[in-house]
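Participant: Output the structure for:
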Amino acid sequence: MSSFARLKNRTLARLITRFPALAQRFVNAYKPLETAGDIPWIKPAKPLRQAKLAVVTTSGIHHQSQPPFDMSDGDGDPSYRILDGERLFNDFQITHDYYDHSDARKDPNIIVPLERLRELVSEGVLGSLAQTHYAFMGHIDGRHIDTLVKKTARDVATRLKADQVDLVLLTPA
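Facilitator: Below is the predicted model of the structure:
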């Protein structure tokens, strides 16, 4: 994807943010991927006040030391980044051209609400917060959907299970 195309995407993201009617046109034009079967809802095994929670975001946030998400591919980047919850807000950048980052740069809790979740832990509402969280880039399409579903999402699920995470909060961009 050329730098002109990236500039166009960023400009569209800012316009959509500032003009809700334009955003609604994009929403109305969206055709979700159809899946078969019911949504696999699972009742949590333990009460929220005893549960360990991790965040998975599609905001394209990552540590500055990590490679940026690949914005040159029109179908997106199905990879993920491992986020250290203790240092994320002191060391982050956002690589995702399809939304306006202005507010997220001012307060990253908008896309990864770690400080709000820590408050819930301190109030006894939530048991604990995982140290490790995960970021994807939203806007995965075409040939990368299969990679996301069959590889990278499964990799993250395996990691979450190994970390004994009970609940995941998914935050979109």
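Participant: and residue 68, that one's in a helix?
Facilitator: No. Checked against DSSP: H, G, I helix; E, B strand; the rest coil, residue 68 lies outside a helix; its state is coil.
Participant: these two touch, right, it and residue 62?
Facilitator: Yes. With contact defined as CB atoms under 8 Å, residue 68 counts as touching residue 62 (7.1 Å). Placement of C-beta: from N, CA and C, glycine included.
Participant: Next, count neighbours for residue 59.
Facilitator: 24 (other CB atoms under 10 Å).
Participant: what's across from it in the sheet?
Facilitator: With DSSP bridges as the criterion, residue 59 is bridged to residue 137.
Participant: before we move on, what about residue 94?
Facilitator: residue 61.
Participant: Name all residues that make contact with it.
Facilitator: 59, 60, 61, 62, 101, 104, 105, 111 (CB atoms under 8 Å, 6 or more residues apart in numbering).
Participant: Return the item of these having minimum pLDDT.
Facilitator: When the contacts of residue 94 are compared by pLDDT, residue 101 scores lowest at 83.
Participant: roughly how far apart are that one and residue 53?
Facilitator: According to CB to CB, to the nearest Å, residue 101 and residue 53 sit 25 Å apart.
Participant: These two: who's more crowded?
Facilitator: Neighbour count, other CB under 10 Å: between residue 101 and residue 53, residue 101 has more, with 23 against 19.
Participant: how does this structure divide into domains?
Facilitator: Domain segmentation of the chain under automatic domain parsing yields 1-31, 43-171.
Participant: Could you say which one of the ones you listed comes nearest to residue 37?
Facilitator: domain 43-171 (13.6 Å; CB to CB).
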